[in-house]
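# after the sequence you'll find the predicted model.
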There are 2 protein chains.
Amino acid sequence: MDLLVIGTVALDDIETPYGTRKDIVGGSATYFSYAASFFTTVGVVGAVGGDFPAEYLDLLRSREIDLSGLEVLADKQSFHWAGRYEGSMESAQTLSTDLNVLENYRPVVPEGSQKTSFAFLANAEPSLQLSVLDQLEGTRFLVCDTMNLWINNYLDGLKQVFARVDGIVINEGEAVMLTGIDNVVAAADALLEMGPHTVIIKRGGHGSFLRCREGRFAIPAYPLTAVKDPTGAGDSFAGGFMGYLASRKSTAFADLKRAMAYGTVVASFDVEDFSLDSFRRIQRCDIESRLGQFEDYVRF
Amino acid sequence: MDLLVIGTVALDDIETPYGTRKDIVGGSATYFSYAASFFTTVGVVGAVGGDFPAEYLDLLRSREIDLSGLEVLADKQSFHWAGRYEGSMESAQTLSTDLNVLENYRPVVPEGSQKTSFAFLANAEPSLQLSVLDQLEGTRFLVCDTMNLWINNYLDGLKQVFARVDGIVINEGEAVMLTGIDNVVAAADALLEMGPHTVIIKRGGHGSFLRCREGRFAIPAYPLTAVKDPTGAGDSFAGGFMGYLASRKSTAFADLKRAMAYGTVVASFDVEDFSLDSFRRIQRCDIESRLGQFEDYVRF
């Protein structure tokens, strides 16, 4: 196994202008691992309740995703999130968050996965991310996500996380909030000073921006005339990004750039339908085909 | 003369976090023509008052900008705009607008300029843009700008303009407002249905997007750690874009893409200082050098 993700496997209720879905499979580790599975072998650390449909676990296993780190607690309910998107659908309105099985959950990385070369800490409370960091050994490229809630309430813990990871993936607004710098290019420079040597700023429909020791890189979003459900776009991006890097066993600047292009293309598939519906219809060749179109789209 | 711009030549008061300037040279035609002058010969149609400093006119003439279409009305004051930028400086807060010489002004295109191959109608009330359209003959590539004020109040006139031009340059928010479509890719498709065969959507610090008959293209903004004064960025972009096309005597898709890269780079110089201060320090070779860096920045 080349890549590990520590995150949520959830059931979601989603409302968008394109429809409403109840109890569909979601969660950061779900989107991340499925996206990464187009490129490499990936393992999941997380927990679900006894209510979690076996068909969804089978779906992930069918992608050769290692679920040995996914605890199934039969007497609990799965983590459940309900959200609504409106207008340009750039951000979700959270309708409810039920932690359920994740209440008091502490991630345990299986012994065989502790030395995985590439790992992604999906958005979680910083103390949980730190407890995972204590369990990993010699990870070559360790990347974390976060959110405004932790920036506002657990900034000290978050800074400890940043000091110990190689890369961070963060939204534009969060980067500004965290650094107090309105200019996103300068904000990325400031984030680099906090520890990570690779900073990726996600800009939703405007693409993403990379700052690393070797330089800067920017990429637009893939042009879609309709976004049906943006849930999981950021985690799908991260999964494509990390999956490609793990498959290349590289974090060279040129590979980081290309990995961002793959992440962008994979995320573009995700948002074309609810849950994993679009992913289930595609194969690696579809990603390559769209990547070719994307190269034309940005080349001048 | 290969390129004509019909727009404002103004005196501006500008406040940004980087300082305050009073009565500095500004206006859409000023920024556009200076930006275009790095690439081609350009003429200006507009009007200034007797108060307009001769040194500014000399500055434009030093760039071989043809001012035969710039009326100087000695007994009037020049158009004056005062604005303030805060935070990420993506949009200006208008403090005052004094039309002065532009009150009841009707643009007159000099006879020798009516057959110019490339022309740009800077933001103006649609009836003024229509009166200019009546004066032009056989223009090969005619592009217009607009703003939310006309979308809200003179939509019929604006639609008449769109039906008669080849291209439009419009902000992302205006494109959404005009079409009622939140998805900017789909909004650009809808704008194409209104007449122009080339639609450029400006996204400020997020770059710009092109939709034309041959396809789509997107480009990020040039990465700057500090923007001192964004005034004129859009007109400088348009000037670089149109100037490059006029110099190539082409509107082929490949040239449109490259023109957007030039426009982006020229605009990046504009915003690094107040008024034309940054433009005055650079030459074409500086633009070429930054374009090279920009190509590296977006290539994967």
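All right, it came through fine.

# okay, now the closest residue to chain B within the stretch 1-150 of chain A: neighbour count?
Residue nearest to chain B within the stretch 1-150 of chain A: A:Ser88 (4.3 Å; C-beta to the nearest C-beta). C-betas here are computed from N, CA, C, even on glycine. A count of nearby residues for A:Ser88, using other C-beta atoms under 10 Å in any protein chain shown, gives 16.

# show me what contacts it?
Contacts of A:Ser88 were listed using C-beta atoms under 8 Å, 6 or more residues apart in numbering or on different chains, and they are A:205, B:176, B:182-183.

# among those residues, who's most crowded?
A:Gly205 (23 neighbours).

# circling back: farthest pair in the contacts of A:Ser88?
Taking C-beta to C-beta, the two most distant members of those are A:Gly205 and B:Val176; they sit 11.5 Å apart.

# report the set of residues contacting both of those two.
Going by C-beta under 8 Å, 6+ apart, residues that sit against A:Gly205 and also against B:Val176 are A:88, B:184.

# re earlier: show me the contacts of A:Ser88 that map onto helices.
B:Val176 (DSSP state H).

# generate CSV for the contacts of A:Ser88, with pLDDT as supplementary columns.
Putting the contacts of A:Ser88 into CSV (pLDDT from 0 to 100) gives the following:
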residue, pLDDT
A:Gly205, 92
B:Val176, 95
B:Asp182, 93
B:Asn183, 94
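
# show me which of the contacts of A:Ser88 is closest to B:Met242.
Taking C-beta to C-beta as the measure, B:Met242 lies nearest B:Val176 of the contacts of A:Ser88, at 24.4 Å.

# tell me the contacts of the closest one?
Neighbouring residues of B:Val176 by C-beta under 8 Å, 6+ apart: A:88, B:182, B:184, B:187.

# the third one against B:Gly207, yeah?
No. When contacts are counted by C-beta atoms under 8 Å, B:Val184 is not listed as touching B:Gly207 (11.6 Å).

# who has more neighbours out of the two?
Between B:Val184 and B:Gly207, counted using other C-beta under 10 Å, the more crowded position is B:Val184 (24 against 21).

# residue numbers of chain A in contact with chain B?
For chain A, the residues in contact with chain B (C-beta under 8 Å from any C-beta of the partner chain) are A:87-89, A:176, A:182-186, A:189, A:203, A:205-207, A:209, A:215-221, A:223-227, A:254, A:257-258, A:260-261, A:295-300.

# same question for the helix ranked longest in chain A: list its buried residues.
Once chain A is assigned using DSSP H, the helix that runs over the most residues is helix A:253-270. Under the neighbour-count criterion of 16 or more other C-beta atoms under 10 Å in any protein chain shown, helix A:253-270 has A:255-270 buried.

# lowest-confidence one in the contacts of B:Val176?
Among these, A:Ser88 carries the lowest pLDDT, at 82.

# where do the strands sit along the stretch 51-200 of chain A?
Ranges of strands in the stretch 51-200 of chain A, per DSSP state E, counting those that start in this stretch, are A:66-73, A:80-84, A:93-98, A:118-121, A:141-145, A:167-171, A:198-202.

# buried deepest among those, which one?
Neighbour counts (mean count of other C-beta atoms under 10 Å in any protein chain shown) averaged over each of the strands of the stretch 51-200 of chain A peak at strand A:118-121, with a mean of 28.

# what lies in contact with it?
Under C-beta under 8 Å, 6+ apart, the answer for strand A:118-121 is A:2-7, A:32, A:129, A:132-133, A:136, A:139-145, A:161, A:165, A:238-239, A:242, A:245-246.

# check contacts around A:Gly167.
Going by C-beta under 8 Å, 6+ apart, A:Gly167 touches A:141-144, A:196-200.

# now the residues you listed as a markdown table including pLDDT?
Output for the contacts of A:Gly167, formatted as a markdown table (pLDDT from 0 to 100):
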| residue | pLDDT |
| --- | --- |
| A:Phe141 | 98 |
| A:Leu142 | 98 |
| A:Val143 | 98 |
| A:Cys144 | 98 |
| A:Pro196 | 98 |
| A:His197 | 98 |
| A:Thr198 | 98 |
| A:Val199 | 98 |
| A:Ile200 | 98 |
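
# what about chain A, any weak spots by pLDDT?
The model of chain A has no residue with pLDDT under 70.

# what's the closest non-adjacent residue to the residue most central in space within it?
In chain A, the residue lying closest to the centroid (C-alpha atoms, centre = their mean) is A:Asp235, at 2.3 Å. For A:Asp235, ignoring the flanking residues on the chain, the nearest one in space by C-beta to C-beta, 6 or more residues apart in numbering or on different chains is A:Tyr31 at 3.9 Å.

# what strand or helix carries that neighbour?
Per DSSP states H and E, A:Tyr31 falls inside helix A:28-36.

# how far off centre is the helix or strand that that helix is followed by?
Note on helix A:28-36: by DSSP H and E, the next helix or strand toward the C-terminus is strand A:42-49. Remark: strand A:42-49 is offset 14 Å from the chain centroid, using C-alpha atoms, centre = their mean, to the nearest Å.

# now strand A:42-49 - C-alpha only, PDB.
Taking C-alpha atoms only, strand A:42-49 is exported to PDB below (Å, rounded to 0.1, in the frame of the first residue of the first chain):
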ATOM      1  CA  VAL A  42      -4.700   3.300  -0.800                       C
ATOM      2  CA  GLY A  43      -5.800   2.500   2.700                       C
ATOM      3  CA  VAL A  44      -8.400   4.100   4.900                       C
ATOM      4  CA  VAL A  45      -8.300   4.800   8.600                       C
ATOM      5  CA  GLY A  46     -11.600   5.700  10.100                       C
ATOM      6  CA  ALA A  47     -14.800   4.400  11.700                       C
ATOM      7  CA  VAL A  48     -18.300   3.600  10.700                       C
ATOM      8  CA  GLY A  49     -21.400   2.400  12.600                       C
END
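
# next, the angle strand A:66-73 makes with that strand.
Counting by axes from the mean of the first three to the mean of the last three C-alpha atoms, to 10 degrees, strand A:42-49 lies at 10 degrees to strand A:66-73.

# strand A:42-49 vs strand A:80-84, what angle?
Using the same axes, to 10 degrees: strand A:42-49 against strand A:80-84 is 100 degrees.

# what's the distance between A:Thr264 and B:Met177?
Between A:Thr264 and B:Met177 the distance is 27 Å, computed by C-beta to C-beta, to the nearest Å.

# correction: A:Ile219
Per C-beta to C-beta, A:Ile219 is found 27 Å from B:Met177.

# and A:Leu11, by the same measure?
Remark: distance between A:Leu11 and B:Met177 (C-beta to C-beta) = 38 Å.

# so which of the two has more stuff around it?
A:Leu11 (25 against 15).
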